[in-house]
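Asker: from the sequence below, what's the structure:
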Amino acid sequence: MDLLKELKENFGYRAFRRGQQEVIESVLSGSDTLAMLPTGTGKSLCFQLSGYLLEGQVIIVSPLLSLMQDQVEQMKVKREKKAIAINSFLSFPEKKRALERLHAFKFIFISPEMLSNPDIREAVENLDVSLFVIDEAHCISQWGPDFRPHYLLLGEIRKGLGNPAVLALTATATKEVRDDIKNVLHFKEHNEIVYSVDRRNITLTVEKVDTHQGKINKLIDYAASLTGPGVIYFSSRRLAEELASLLREKGIENVTHYHGGMEQEERILIQQQFLTNKLRIICATSAFGMGINKENIRFIIHFHFSSSLEAYLQEIGRAGRDGNESAAIVLFTEQDLSLPLHLMEGELPFDHQIEGFVNLHESKSADELYSALQLSESQYRFLDHYVHDYSGNDPARQSQKIKQLRDERLRYKKEKLVSMVKWMHADSCRREGILRYFDEKMEDRPADCCDICGFEVKNLHTYETAAEVIPELDWEKRLEKILMG
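Answerer: From the prediction side, this is the model:
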């Protein structure tokens with residue numbers, strides 16, 4: 001089979017990106033495949049082209065509703081009508097109609113939680129599935145920062161589908177995480193295709209700023225002076241909106257905000273405007289960028305730093321997909337240290353929510369539980385999975401077990417946060433630090449490596465700005481106090 005010819009006919013491309021052909025050849029041979037390809041190398045093409053060349057249907061398990069919806073919309077733009085996302089965006093009648101017609105679709109995107117629904121699971125088990133794709137496969141692993149409990153069921157779900165070939169895709173997974181993925185999915189004869197996490201054309205810079213206002217001033221300066229499209233990441237939806245508005249007030253054009261609380265139609269419009277260069281800067285939460293294939297993003301700024309090195313790599317990997325010089329800049333104050341801890345604590349249920357869920361889950365609907373216990377989506381997912389794991393225990397024992405799991409999970413996420421903070425405060429090469437974290441060695445340092453190695457962001461400016469001198473703070477004691485408090 002001439003894969004280059006198929007690539008040209010189906011997608012209009014003349015050449016594969018790094019790793020794509022190797023992955024597709026592995027899938028077409030029928031082998032289970034774990035592919036770790038850097039963000040920006042076009043992982044979705046691996047299952048789309050493979051799907052066109054296989055007889056049966058393709059199920060793609062995806063962790064984010066917005067991501068799967070975006071991928072379906074992009075496929076429809078490219079005239080692929082046989083793609084559907086089974087998720088909560090569908091009304092009950094739409095979902096019922098979709099399940100009745102599921103055999104008519106070639107590409108079926110679905111969340112692991114939705115696959116756990118007995119009716120949906122029965123519907124997909126009646127399909128002729130030739131490829132079972134796990135996108136963002138690091139979510140499978142309990143050793144990964146983005147662990148999703150329902151991903152642990154995917155090995156059994158695969159068995160119910162008749163053990164089709166599996167393609168597990170990720171951009172950031174340590175060896176420990178990759179071993180976990182293969183174990184959960186019951187890999188047998190398989191290929192592991194692992195490329196370096198290093199994106200050599202992205203320079204890495206961390207800037208310490210003494211005050212919140214100083215950080216805002218830096219952001220305004222960079223937004224005005226850096227050329228090309230960029231994304232600015234925030235942990236707060238409110239701040240993403242406020243600072244997008246402030247940048248416009250300062251005369252910076254074609255700026256808007258993006259986050260998961262916006263209407264789906266508005267998010268799709270913003271994505272299309274950004275892709276077609278009608279917007280230059282997006283102030284966004286981490287909901288933006290997954291599945292967005294814009295090749296000429298020149299800079300990524302973190303107004304709030306990521307809670308793990310894995311998340312940081314995912315986010316900066318949206319820059320420089322065309323191979324040209326790009327920059328990743330983290331702005332932080334020592335006061336920022338408490339924010340990611342607050343957010344990760346909020347992702348997991350509190351004691352009263354655990355106790356309430358254990359006592360109420362058999363008598364209340366999901367909507368009633370959400371309302372009565374004021375649960376977030378991530379808190380509900382955690383409780384819904386583990387309450388069934390310990391269903392044989394009395395309520396007090398069941399609550400205790402779930403609290404222990406919650407505490408273990410929080411402890412692990414804190415360790416990831418500490419790794420991120422240590423990396424930001426390091427006085428040695430930043431690129432080398434990331435590679436070491438992923439058990440890699442730097443073979444050849446790029447000319448524009450990082451701020452520690454002498455790179456200055458002003459080299460990317462249209463004008464120069466004066467450097468700011470920040471006094472050294474005792475970050476280790478501050479971090480210890482936050483984590484122990």
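
Asker: test my guess that Ile38 contacts Thr170.
Answerer: Just to correct that, residue 38 is Pro rather than Ile. No. Using Cβ atoms under 8 Å, Pro38 is not in contact with Thr170, being 10.4 Å away. Placement of C-beta: from N, CA and C, glycine included.

Asker: these two - which one has more neighbours?
Answerer: Between Pro38 and Thr170, Thr170 has the larger neighbour count (other Cβ atoms under 10 Å), namely 27 against 21.

Asker: dig out what the more buried one forms beta bridges with.
Answerer: When bridges are called by DSSP bridges, Thr170 pairs up with Met36.

Asker: what's it in contact with, if anything?
Answerer: Leu34, Ala35, Met36, Glu136, Ala137, His138, Val177, Arg178, Ile181 (Cβ atoms under 8 Å, 6 or more residues apart in numbering).

Asker: out of the residues you listed, who's nearest Asn126?
Answerer: Ala137 (25.1 Å; Cβ to Cβ).

Asker: my guess is that closest one contacts Thr172. True?
Answerer: No. Checked against Cβ under 8 Å, the pair Ala137 and Thr172 is beyond contact range at 10.3 Å.

Asker: measure Leu7 to Gly42 for me?
Answerer: Separation of Leu7 from Gly42 (Cβ to Cβ, to the nearest Å): 11 Å.

Asker: Asp210 too?
Answerer: Distance from Asp210 to Gly42, by Cβ to Cβ: 41 Å.

Asker: tell me which of those two has more neighbours.
Answerer: Gly42 (18 against 15).

Asker: the more buried one and Ala15 touch, don't they?
Answerer: No. When contacts are counted by Cβ under 8 Å, Gly42 is not listed as touching Ala15 (11.3 Å).

Asker: so which strand or helix has Ala224?
Answerer: helix 212-225 (DSSP states H and E).

Asker: residues making contact with that helix?
Answerer: Against helix 212-225 from outside (Cβ under 8 Å, 6+ apart): 207, 209, 230, 232, 243, 246-247, 250-252, 255, 281, 299, 301, 303, 329, 331-333, 335, 457, 461-463, 465, 468.

Asker: now, those residues that are in strands?
Answerer: Glu207, Gly230, Ile232, Val255, Ile281, Phe299, Ile301, Ile329, Leu331, Phe332 (DSSP state E).

Asker: what sits against the first one?
Answerer: Read it as Glu207. By Cβ under 8 Å, 6+ apart, the neighbours of Glu207 are Lys218, Ile329, Val330, Leu331, Phe332, Asp451, Val457.

Asker: surely Tyr370 touches Tyr380?
Answerer: Yes. Contact status for Tyr370 versus Tyr380: in contact at 6.3 Å, counting by Cβ under 8 Å.

Asker: the two: who's more crowded?
Answerer: Tyr380 (18 against 15).

Asker: now do the contacts for the more buried one.
Answerer: Neighbours of Tyr380 in contact, by Cβ under 8 Å, 6+ apart: Ala366, Leu369, Tyr370.

Asker: dump the residues you listed to TSV, plus distance to Gly260.
Answerer: Below are the contacts of Tyr380 laid out as TSV (distance: Cβ to Cβ, whole Å):
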residue	distance to Gly260
Ala366	19
Leu369	21
Tyr370	16
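
Asker: ok, so of those residues, who is nearest Val358?
Answerer: Closest to Val358, out of all of the contacts of Tyr380 and judged by Cβ to Cβ, is Leu369, at 11.0 Å.

Asker: which secondary structure elements does the strand or helix carrying the closest one contact?
Answerer: Assessed by DSSP H and E, Leu369 sits inside helix 366-373. Counting by 3 or more Cβ pairs under 8 Å, 6 or more residues apart in numbering; DSSP states H and E, the packing neighbours recorded for helix 366-373 are helix 351-360, helix 377-389.

Asker: chain center to the last one: distance?
Answerer: Spelled out, it's helix 377-389. How far helix 377-389 lies from its chain's middle: 20 Å, per Cα atoms, centre = their mean, to the nearest Å.

Asker: what helices and strands are in contact with the following helix or strand past it?
Answerer: Using DSSP H and E, the helix or strand that follows helix 377-389 in sequence is helix 395-425. Judged by 3+ Cβ pairs under 8 Å, 6+ apart, helix 395-425 is in contact with helix 309-316, helix 338-347, helix 351-360, helix 377-389, helix 430-437, helix 475-484.

Asker: got the angle for helix 395-425 vs helix 351-360?
Answerer: 140 degrees (axes from the mean of the first three to the mean of the last three Cα atoms, to 10 degrees).

Asker: what residues sit buried inside helix 395-425?
Answerer: Using 16 or more other Cβ atoms under 10 Å as the test for burial, helix 395-425 gives 398-402, 405-406, 409, 412-414, 416-417, 419-421, 423-425.

Asker: what's the local residue count around Val197?
Answerer: 23.

Asker: what's the pLDDT at the residue nearest to it when sequence neighbours are not counted?
Answerer: Excluding the flanking residues, the one nearest Val197 by Cβ to Cβ, 6 or more residues apart in numbering is Phe438, at 5.1 Å. pLDDT, Phe438: 90.

Asker: quick one: residues contacting Phe438.
Answerer: Taking Cβ under 8 Å, 6+ apart, one finds Thr172, Thr174, Val197 in contact with Phe438.

Asker: specify which member of the residues you listed is nearest to Ala319.
Answerer: Of all those, Ala319 sits closest to Val197, with 14.2 Å by Cβ to Cβ.

Asker: quick one, phi psi at that closest one?
Answerer: Here is the backbone geometry of Val197 (degrees, to the nearest 10): phi -80, psi -10.

Asker: for the stretch 1-150 of the chain, which spans come out with low pLDDT?
Answerer: For the stretch 1-150 of the chain, the stretches flagged by pLDDT under 70 are 66, 142-145.

Asker: measure Gly51 to Ser419 for me?
Answerer: Per Cβ to Cβ, Gly51 is found 37 Å from Ser419.

Asker: hey, where'd the helices end up in the stretch 51-200 of the chain?
Answerer: Using DSSP state H, counting those that start in this stretch, the helices of the stretch 51-200 of the chain run over 65-77, 92-100, 112-115, 118-125, 154-160, 175-184.

Asker: what about Arg267, neighbour count?
Answerer: Neighbourhood size, Arg267 [other Cβ under 10 Å]: 20.

Asker: what's the angle from the one helix or strand it maps to to helix 65-77?
Answerer: For Arg267, the host element (DSSP H and E) is helix 264-275. Angle of helix 264-275 versus helix 65-77, following the same axes, to 10 degrees, is 60 degrees.

Asker: same question for helix 264-275, mean pLDDT?
Answerer: Helix 264-275 comes out at a mean pLDDT of 84.

Asker: wait, Leu34 touches Asp180, no?
Answerer: No. Counting by Cβ under 8 Å, Leu34 sits too far from Asp180 to count as a contact (10.7 Å).

Asker: with neighbour numbers in mind, choose between those two.
Answerer: Leu34 (25 against 22).

Asker: the more buried one in helix, strand or coil?
Answerer: Of the three states, Leu34 takes strand under DSSP: H, G, I helix; E, B strand; the rest coil.
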